[in-house]
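J.: take a look and give me a structure for this.
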Amino acid sequence: MKQYFLLVAGFLLGIPVLQAQGQTAIPDYQPDALYLKFKAGSLDLPKGDSRHVPVSALFPTADKGDFRKYGLRAEAFCLRSGNNPALQYAFKLRFDSVQNAGLLLRQLQQDPRIELVERVPLYRASACPSDGFPRKNNPKDTPNDSFYGIVDSIHASWHLDMMGFDELYGKYTGNPDIKVAVVDNAVWSGHEDLDILPENLYNTCTNAQGEANPPSHIDREMVYGGGFAGMNPAYNWSHGTHCAGLIAAVNNNGKGIVSLASGISLMGIRIAESEPNLMANAMEGIAWAADHGAKVISLSYGSEYNSSIEREFFQSCINQGIVFFASAGNKSRDKEQYPACYPGVIAVGSVNSDGHRSDFSNYGDWVDVWVPGGYYIDHDTVVKDQQMLSTTWCVSQWLDDKPSFSGKYYDMMAGTSMATPLAASASALILSYYPELNGYQIKEILQQATQDSCVYVPEAFRLLENDGLRQVRDLQAGRDEAAGQVEVIWKAPEQEGVTAYRLYHGETYIGQTEAGTTRFGFSAPDTTGFVGVRAIYGQDSSLLCCVPIRKGAPEVSNQEQPESASSLRFWINQTERSLHLPEGNWHRLEIFDVKGRLVLEKRYEADAVSLQGLPSGLYLCRIWNDPDSSTFKFILP
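T.: Below you'll find the predicted structure:
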């Protein structure tokens, strides 16, 4: 039986209706787009890697007059992803003749090759343009960026203080191997405080690589003032550029703002066509980012409506290790928002500087993490012009009366739109040192690192550093696709006291074993993705250890393999400030600081290595077993 998501009167009522003063009602779905999924094997598609497929290839027997009647655009967009065969036959179809949408639907319903037709949710930006953490006196190891700290009585970096920037700066920096994509209305790559390579920029409107800028005809020098910023088209078109700065503005360059993940590789993808707050080409932008190596994708928009095709697409990307963050929305209610509520996507809510939920932020148990996205609070009073400072495409609106900011391309915005890239920035910094983590693990780490209702990033690093001995070892998962079975095996943690193991398939709990059992099997319709095992210690537990499910049975060995330096389980005695490793033939070690300087070299004794005299921070340790050597990172609190 064919499955249809029927597009009847509701679809036609989605057509914009003229309102007073030239305003238009914004529909919940794109009135000029449909998702189609064809039955497997029903299409003879052209060869090649392009996602843009001629519509004539989807409907080879159709009359050319039909294409003109419905205003079908020449190309459809393919939503293939990873090793999901069904998505090879999923497409987004665009058409210009909205008046004939009902006729088009009826014709599609008569096509026996089509198994699913869906409306395309219309995503809106999650910013609130119309609507106390004083700096520590610490001149040492302080960035020289001009808008760091308090400037013209503006608390320019209160949101970073809440997340532990002071404790992070000088110890951690972003890794350029980690790509973070801002899939948004537009991203101005020419900003002085952004460093985005041309190959990491894409415009879905022109299908062109190398730029993602807002429309050039918009006047970006006009000042409307803070209270009227939402009426300024250039300010609204600055949404994506603002998000980009919150993720990875360049630190210590003598200008602008600072960011948590400075040093990672930013990607900017423009997905808005003519309206800056409507993300018409969201899935096209996400697909491009996924195809071009994004590890983290930040989505500062949403809708209360969803799509099964989109859900399947997101899951396929997550199974490949991509980490998604999406805004919870700004309607101040417990109403699920998409894509934030697709399984595996991390939903982000907003707090103010006092740690309380921003009055605009949606809420509910479906919101995964809370980070700053709202306002600075001064003696219980909301300071409306002290929101989230970041990079913009237009000159400052909210701060035009401040000499340091007037005429500069930096401004305030608030919303879960701003909280989302800040959460993505925190994850990018963590992934810079732990790139093997997936989205399920990142979500757990950020949740456990929450202090005073906000993610505190230094705590995330402490959790990762101190949990190594508590996690299971040598986790493997293999699948028998014919039988729909998955087998999971692992070894017990080095730390004793395990009372049980809990297992997860993605986010789904699938079972528990006793402490002495290190094997588990289960069946599922989908045997792809990640399997996770958590070691239980009475009322406590380890962080989740995850691996992707591989084809074939996991490799079982009856003998313990000799431990290599690359798999060492070490721990830091914080009281004694010493480094401990398992017994082995390691006879010499070298320790380097974050700047690559050799700070300690000595023979390794079996019991411990004293770290007395080393300041807190991130270190690289090289351990020798001549002629071989291996390295690992550790954090000294």
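
J.: which intervals of the protein have sub-threshold pLDDT?
T.: Counting by pLDDT under 70, the chain contains low-confidence ranges at 1-26, 97-98, 128-141, 556-571, 574-575, 581-585, 594-595, 604-607, 626-630, 637.

J.: state which helix of it is the longest.
T.: Determined from DSSP state H, the single longest helix within the chain is helix 416-433.

J.: domains of this structure?
T.: The chain breaks down into these domains under automatic domain parsing: 9-121, 175-465, 469-551, 565-636.

J.: out of these, nearest to Asp166?
T.: domain 175-465 (9.1 Å; Cβ to Cβ). (Each C-beta comes from the backbone N, C-alpha and C, glycine too.)

J.: straight-line length of the closest one, end to end?
T.: 18 Å (Cα to Cα, to the nearest Å).

J.: need the helices for the protein, in chain order.
T.: Under DSSP H, the chain gives helices at 9-12, 55-58, 64-70, 101-109, 158-162, 165-168, 233-236, 239-248, 282-291, 308-319, 416-433, 439-448, 457-466.

J.: pull the distance from stretch 414-425 to the chain's centre.
T.: Chain-centre distance of stretch 414-425: 10 Å, with Cα atoms, centre = their mean, to the nearest Å.

J.: now do stretch 394-414
T.: How far stretch 394-414 lies from its chain's middle: 28 Å, per Cα atoms, centre = their mean.

J.: repeat that for stretch 433-446.
T.: Distance, centroid of stretch 433-446 to centroid of chain: 11 Å (Cα atoms, centre = their mean).

J.: adjust the sequence numbering to begin at 17 for everything that follows.
T.: Sounds good: first residue 17 from here, last item stretch 449-462.

J.: buried ones in that stretch?
T.: Applying a neighbour-count criterion of 16 or more other Cβ atoms under 10 Å, one finds 449-450, 453-462 buried in stretch 449-462.

J.: likewise for stretch 501-519?
T.: Neighbour counts over stretch 501-519 (16+ other Cβ under 10 Å) mark 502-506, 509, 511, 514, 516-519 as buried.

J.: so which residues of the stretch 267-416 of the chain form strands?
T.: 281-286, 294-295, 312-315, 317-318, 339-343, 362-367, 385-388, 392-394, 397-399, 404-407 (DSSP state E, counting those that start in this stretch).

J.: so what are the sheet partners of the fourth one and their directions?
T.: Using DSSP bridges, the strands paired with strand 317-318 in its sheet are strand 139-141 (antiparallel).

J.: and the end-to-end length of stretch 261-279?
T.: Termini of stretch 261-279 sit 12 Å apart (Cα to Cα).

J.: so how far is it from its chain's centroid?
T.: Distance of stretch 261-279 from its chain centroid, counting by Cα atoms, centre = their mean, is 18 Å.

J.: with stretch 339-347 instead?
T.: 10 Å.

J.: now stretch 89-106
T.: Distance, stretch centre to chain centre, for stretch 89-106: 22 Å (Cα atoms, centre = their mean).

J.: in that stretch, what's buried?
T.: Under 16+ other Cβ under 10 Å, the buried positions of stretch 89-106 are 91-98, 100, 102-106.

J.: out of the domains of the chain, which is the most enclosed?
T.: Comparing the domains of the chain by mean neighbour count (mean count of other Cβ atoms under 10 Å), domain 191-481 ranks first with a mean of 22.

J.: and the buried residues of stretch 449-462 as TSV, adding distance to Phe477?
T.: What follows is the buried residues of stretch 449-462, written out as TSV (distance: Cβ to Cβ, whole Å):
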residue	distance to Phe477
Tyr449	8
Tyr450	9
Leu453	12
Asn454	18
Gly455	18
Tyr456	19
Gln457	14
Ile458	13
Lys459	16
Glu460	14
Ile461	9
Leu462	12
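
J.: closest one of those to Phe244?
T.: Using Cβ to Cβ, the buried residues of stretch 449-462 come closest to Phe244 at Leu462, 35.7 Å.

J.: any idea how far Gly629 is from Leu282?
T.: Distance check for Leu282 against Gly629: by Cβ to Cβ, to the nearest Å, it reads 38 Å.

J.: what's the nearest residue to Val199 once chain neighbours are set aside in contact with, if anything?
T.: Counting by Cβ to Cβ, 6 or more residues apart in numbering, Gly301 is the residue found nearest to Val199 once chain neighbours are left out, at 4.2 Å. Counting by Cβ atoms under 8 Å, 6 or more residues apart in numbering, Gly301 makes contact with 199, 218, 220, 285-287, 295.

J.: ok, Met382 touching Cys357?
T.: Careful, residue 382 is Trp and not Met. Yes: counting by Cβ atoms under 8 Å, Trp382 touches Cys357, with 5.6 Å between them.

J.: what touches both of those two?
T.: Ala363.

J.: out of the buried residues of stretch 449-462, who's nearest His68?
T.: Each of the buried residues of stretch 449-462 was scored against His68 by Cβ to Cβ, and Gly455 proved nearest at 28.0 Å.

J.: residue contacts, the closest one?
T.: By Cβ under 8 Å, 6+ apart, the neighbours of Gly455 are 334, 337-340, 360-362.

J.: redo those as JSON lines? Include distance to Gln492.
T.: As requested, the contacts of Gly455 are arranged in JSON lines below (distance: Cβ to Cβ, whole Å):
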{"residue": "Ile334", "distance to Gln492": "20"}
{"residue": "Gly337", "distance to Gln492": "17"}
{"residue": "Ile338", "distance to Gln492": "22"}
{"residue": "Val339", "distance to Gln492": "23"}
{"residue": "Phe340", "distance to Gln492": "26"}
{"residue": "Gly360", "distance to Gln492": "22"}
{"residue": "Val361", "distance to Gln492": "27"}
{"residue": "Ile362", "distance to Gln492": "26"}
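
J.: circling back to that earlier point, out of the buried residues of stretch 501-519, which are inside strands?
T.: Judged by DSSP state E, those include 502-506, 516-519 as members of strands.

J.: how about these in CSV, adding distance to Leu616?
T.: What follows is these, written out as CSV (distance: Cβ to Cβ, whole Å):
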residue, distance to Leu616
Val502, 45
Glu503, 44
Val504, 40
Ile505, 38
Trp506, 34
Ala516, 40
Tyr517, 37
Arg518, 39
Leu519, 40
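
J.: nearest to Phe421 among those residues?
T.: Arg518 (51.0 Å).

J.: so that closest one makes contact with Ile552?
T.: Yes: using Cβ under 8 Å, Arg518 is in contact with Ile552, at 6.2 Å.

J.: list the residues that are in contact with both of the two.
T.: Gln528.

J.: and the helices of the chain: which comes nearest Gly494?
T.: helix 324-335 (15.4 Å).

J.: residues in contact with the closest one?
T.: Under Cβ under 8 Å, 6+ apart, the answer for helix 324-335 is 21, 51, 53, 95, 97-100, 102-103, 106, 132, 134, 137, 299, 302-303, 306, 313, 340, 354-355, 358-361, 454-455, 522, 544-546, 564.
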